[in-house]
Each structure stands twice: as structure tokens, then as C-alpha cells.
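Visitor: Please find the sequence and the predicted model below.
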Amino acid sequence: QFSKLPKLPLVSPNTYRTPSEHQANTNTKKQSLRKMKNHTTSPLPFQGQKRKFVKHFKEALKHFPANATYIDLFGGSGLLSHTVKTTHPNAHVIWNDYDNFAHRLALIPTTNEIITQLRPIIANYPKGIRINEAKPAILEVLRQYPPEALDCITLSANLLFSGKYATTFEALAKDGFYAKVTQTPYNADGYLGGVERRQTDYRNLITEFEHNPNTVFILDPPYLSTDISSYRGAQDWKLKDYLHIVKCLNAMPRYIYFGSNKGQLLDLFDFLANEYDLPSPFNHTTRVSVSTNVNYTSTYEDLMIFKY
């Protein structure tokens, strides 16, 4: 399911650069690094971004070479790749943009233009209230744009109930709207500067770099037993896919792996190691956990496991 990839209409498949970087003609590495900003969150809404782990991730990176090649196998919003590049400017960082987040970044000027038109429509509504009567006017604005120009995930964060995401205009239009449009324009200036962008099956990157001794693999796959509805192709992920990733960890001398305790996969390997003396892929690793609230009564642990 990871071999059939869409074409990228707006962004080069190589190194991603922001519009401001293009305008400034930042062609040298020194200029690119000078333009880089230290984003600590994704510049756009993204389900599962690692903003809570940025501080811990930076601490973990201190244990890894500053000049290594870092392969962000499940690149997501690019936040981990950006953090590596700002922490280790001399590193070669590869962001595997399977979700085509670069296309959403390229749409930021259009997204800001749309949101500017939505603000006066909801200006008189209390924040967070349902706005059924304003929905026709909002949809009229959205219909002025072709579907490929709509960042439906970002629009969802501005119009739908908290935590709900639509990936198509049709799905967005069917849901209830709320008065929660942001007052701050989105800005990705300096984001992912100097990072190489790929879009391929993660296994291809493992094969390409597994014999490079100065490689650090970053693995942040869709979590087992969590909502992954906004990830492209992730609905096809099964337990065997996670087990394949864990198998790959055994052959990686250096890695940083993200997961959670919801799927109890780590508990399974700990049990097999303790009860049946089977080697665990997580032996001789460091674990960091962060508590995540789903709602007022439900929490789970996000995990970062690294080996260096």
C-alpha cells in the first residue's frame, strides 16, 4: 500500500524550500541555515505531530552524531526533521513526506486568503458555538476554490468540533461548523529549510541506508489502536506492519522510535523477554514517556525509545 504514490503538483520532490527562501534566492547552505527558524510545533494542524516531545527529542539528539544522516521514515508534518536540522545544522536530514504535507505548506497563502474571508462571517458569534446558520455562507466561500486548492485538514481545525478532521470538501461540508476560526495567519517561513524531501515506501529508505554506519533512523509510524483517519494509506495498517517495523529495529544500530502503550506492543515484547527469554528489540534502549489526555477521564502514554 506504500508503493503507489500520487504526483506532486506544487512542490519539487527534492529539497523543500519556503516561498520566502525562494524569493531571497538562498542557494548556499550558509544562507539556508541563517534563514531557518526554530519551530517547536508544526506550522499547520497535523494529527499526531510530536510537539509534546520536542524538548525530550532535542535532549535525545545530544547522544547522536552532529554530522550523521538522519532518515525520518514516517515524516508526517516534518516537525522531527526540522528539529534535527535546527539541532544539528551539519546533519543530512531526509524527510519522507508520504502524507504530502509539502502540498499543504504550499497552500498556506490560499488557506490564509480563505480564512480571511471567513472571519467576518463568524465575527458576531461567541467562540466555540455551533454556527449552522452561517454554514451556507462559509460553503459559498469554499466553493470558489477548486478542491485541490483546499487544505481540508487545516479548514477542519478552524470549523469542526475539536479533534475532528475531514480530508475532502464533501466530508467537511457534511459536518457541523463551529465558531473557532483562527485570528493568526499561518506561517511556515524557515520551516524545513535545508531538509531533503523524499516520498517513497519507508522500506526503500531502510534498504538504501541500512549499511551506512553514520545513519540514524527516526521511526514515528501511525500508532496501533489510535485514530489514524487523517493519515494517507494508514487505514491499511495492520499488526503485521508494526511487527515488521519492530523487526527492522533489530538491525538498526541507532534509532529513535515513537509509539504508545495503547496497542500494548511493548508489553508483549517485555513479556516474551521475561517469560520466554526471547531477545527484545528494545534491549539497551532509553525510554521517555509523556502522558497524553484523550478527554477528562482517559489518558495514555506516548513513548520515545532511542538507541545510540
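Guide: All right, it came through fine.

Visitor: how many other residues sit next to the closest residue to residue 46 other than its chain neighbours?
Guide: Take residue 46 and drop its neighbours on the chain: the residue closest to it by CB to CB, 6 or more residues apart in numbering is residue 77, 3.8 Å away. Bear in mind the C-beta positions are built from the backbone N, C-alpha and C, glycine included. Other residues near residue 77 number 27, with proximity taken as other CB atoms under 10 Å.

Visitor: what do you get for the one 5 residues further on?
Guide: The criterion is other CB under 10 Å. On that basis, residue 82 has 28 neighbouring residues.

Visitor: Check the secondary structure at it for me.
Guide: Using DSSP: H, G, I helix; E, B strand; the rest coil, the structure places residue 82 in helix.

Visitor: Please point out which parts of stretch 134-152 sit buried.
Guide: 134-135, 138, 142, 150-152 (16 or more other CB atoms under 10 Å).

Visitor: go on, stretch 159-167?
Guide: Using 16+ other CB under 10 Å as the test for burial, stretch 159-167 gives 159-160, 164-166.

Visitor: next one: stretch 97-117
Guide: Across stretch 97-117, burial judged by 16+ other CB under 10 Å covers 97-108, 111, 114-115.

Visitor: Same check on stretch 127-136?
Guide: 131, 134-135.

Visitor: Mind listing residues that contact it?
Guide: The contact list for stretch 127-136, computed with CB atoms under 8 Å, 6 or more residues apart in numbering, reads 121-122, 125, 138, 176-180.

Visitor: now, which of the residues you listed sits nearest residue 290?
Guide: Distance to residue 290, by CB to CB, is smallest for residue 180 among the contacts of stretch 127-136, at 25.5 Å.

Visitor: any idea how far that closest one is from residue 45?
Guide: Separation of residue 180 from residue 45 (CB to CB, to the nearest Å) stands at 11 Å.

Visitor: In terms of packing, which of these two has more residues around it?
Guide: residue 45 (20 against 17).

Visitor: Which positions within stretch 208-215 qualify as buried?
Guide: Under the neighbour-count criterion of 16+ other CB under 10 Å, stretch 208-215 has 209, 215 buried.

Visitor: Repeat that for stretch 168-179.
Guide: Neighbour-count burial for stretch 168-179 flags 169, 172, 177-179 (criterion: 16+ other CB under 10 Å).

Visitor: Just the CA atoms of it, as PDB, please.
Guide: What follows is stretch 168-179, C-alpha atoms only, in PDB (Å, rounded to 0.1, in the frame of the first residue of the first chain):
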ATOM      1  CA  THR A 168     -12.200  16.100   1.400                       C
ATOM      2  CA  PHE A 169     -14.600  19.000   0.800                       C
ATOM      3  CA  GLU A 170     -17.500  16.600   0.700                       C
ATOM      4  CA  ALA A 171     -16.800  15.300   4.200                       C
ATOM      5  CA  LEU A 172     -16.100  18.800   5.500                       C
ATOM      6  CA  ALA A 173     -19.500  20.100   4.100                       C
ATOM      7  CA  LYS A 174     -21.400  17.300   5.800                       C
ATOM      8  CA  ASP A 175     -20.200  18.100   9.300                       C
ATOM      9  CA  GLY A 176     -21.400  20.700  11.800                       C
ATOM     10  CA  PHE A 177     -19.500  24.000  11.800                       C
ATOM     11  CA  TYR A 178     -18.300  25.900  14.900                       C
ATOM     12  CA  ALA A 179     -17.000  29.400  15.500                       C
END
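
Visitor: List of residues touching that stretch?
Guide: 122, 125-132, 134-135, 138-139, 142, 147, 150, 152, 155-156, 159-161, 164, 166.

Visitor: repeat that with 6 Å
Guide: With contacts defined as CB atoms under 6 Å, 6 or more residues apart in numbering, stretch 168-179 is touched by 122, 125, 127, 129-131, 135, 139, 147, 150, 152, 159-161, 166.

Visitor: The spatially closest residue to residue 307 that is not a sequence neighbour: neighbour count?
Guide: In space, and not counting its chain neighbours, residue 307 is closest to residue 285: 4.7 Å by CB to CB, 6+ apart. By the criterion of other CB under 10 Å, residue 285 has 16 neighbours.

Visitor: Would you map the strands across the stretch 1-150 of the chain?
Guide: For the stretch 1-150 of the chain, the strands defined by DSSP state E, counting those that start in this stretch occupy 69-72, 92-96.
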